[in-house]
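Chemist: What would the 3D arrangement of this be:
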Amino acid sequence: GTLVARAGTALVAMLAHERGVPVLVCCETYKFAERVLLDSICYNELGDPDDLVPAERDGSKVAEWRDMPRLKLLNLVYDVTPMKYLTMVVTEAGVVPPTSVPVIIREDAARMALQAKEAI
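Modeler: Below is the predicted model of the structure:
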C-alpha cells in the first residue's frame, strides 16, 4: 500500500489528505511489489545536485555550493508516500483501496505459479 513515486508526491498527498481531497494513484499491477520500504533512501536514485540550486547568474551564494566544503546537496529522485494518505489505486484490475494491493500481489503470484505448473 505504500507508494514510491517522484520526489514531492508524498508532500502533495499529505496536504491533500489534510484538506480532505481524495488522492487517486494510477498504477499497473506489474509495478506492485512485496518489498517493504521504510524510507525513501533505500533503492533510490540520485539526481543532479545542481538542479536544486538557482543558476549562477542569479547571484545566489548557494549557486557556489561546490566551493563550500561543509555543504553537500542530496537530490533524491523518489520519495515514499504512506498508505494513509492514499484514497484509491486505479489499476487494470479495477479501482481498489491501497489496503487491497497485497491481495492483488498474492493473487497474481498464485496465478503465475499455476501457469508455471501447467506449463510443465
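Chemist: hey, which helix or strand in the chain has the poorest pLDDT?
Modeler: When each helix and strand of the chain is scored by mean pLDDT, DSSP states H and E, helix 101-119 comes last, with a mean of 83.
Chemist: got the buried residues for that one?
Modeler: Residues of helix 101-119 classed as buried: 101, 104 (neighbour count, 16 or more other Cβ atoms under 10 Å). (Each C-beta comes from the backbone N, C-alpha and C, glycine too.)
Chemist: Give me the residues contacting it.
Modeler: 1, 29, 32-34, 89, 91, 93, 96 (Cβ atoms under 8 Å, 6 or more residues apart in numbering).
Chemist: and it, C-alpha only, in PDB?
Modeler: Presented in PDB, the C-alpha positions along helix 101-119 are these (Å, rounded to 0.1, in the frame of the first residue of the first chain):
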ATOM      1  CA  VAL A 101      -2.700  -4.100  -3.100                       C
ATOM      2  CA  PRO A 102      -1.200  -7.100  -1.100                       C
ATOM      3  CA  VAL A 103      -4.300  -9.200  -2.100                       C
ATOM      4  CA  ILE A 104      -3.700  -8.400  -5.800                       C
ATOM      5  CA  ILE A 105       0.000  -9.300  -5.400                       C
ATOM      6  CA  ARG A 106      -0.900 -12.700  -3.800                       C
ATOM      7  CA  GLU A 107      -3.500 -13.400  -6.500                       C
ATOM      8  CA  ASP A 108      -1.000 -12.600  -9.300                       C
ATOM      9  CA  ALA A 109       1.700 -14.800  -7.700                       C
ATOM     10  CA  ALA A 110      -0.800 -17.700  -7.300                       C
ATOM     11  CA  ARG A 111      -1.900 -17.300 -10.900                       C
ATOM     12  CA  MET A 112       1.700 -17.200 -12.200                       C
ATOM     13  CA  ALA A 113       2.600 -20.300 -10.100                       C
ATOM     14  CA  LEU A 114      -0.400 -22.200 -11.500                       C
ATOM     15  CA  GLN A 115       0.500 -21.200 -15.100                       C
ATOM     16  CA  ALA A 116       4.100 -22.400 -14.500                       C
ATOM     17  CA  LYS A 117       2.800 -25.700 -13.100                       C
ATOM     18  CA  GLU A 118       0.600 -26.200 -16.100                       C
ATOM     19  CA  ALA A 119       3.500 -25.500 -18.500                       C
END
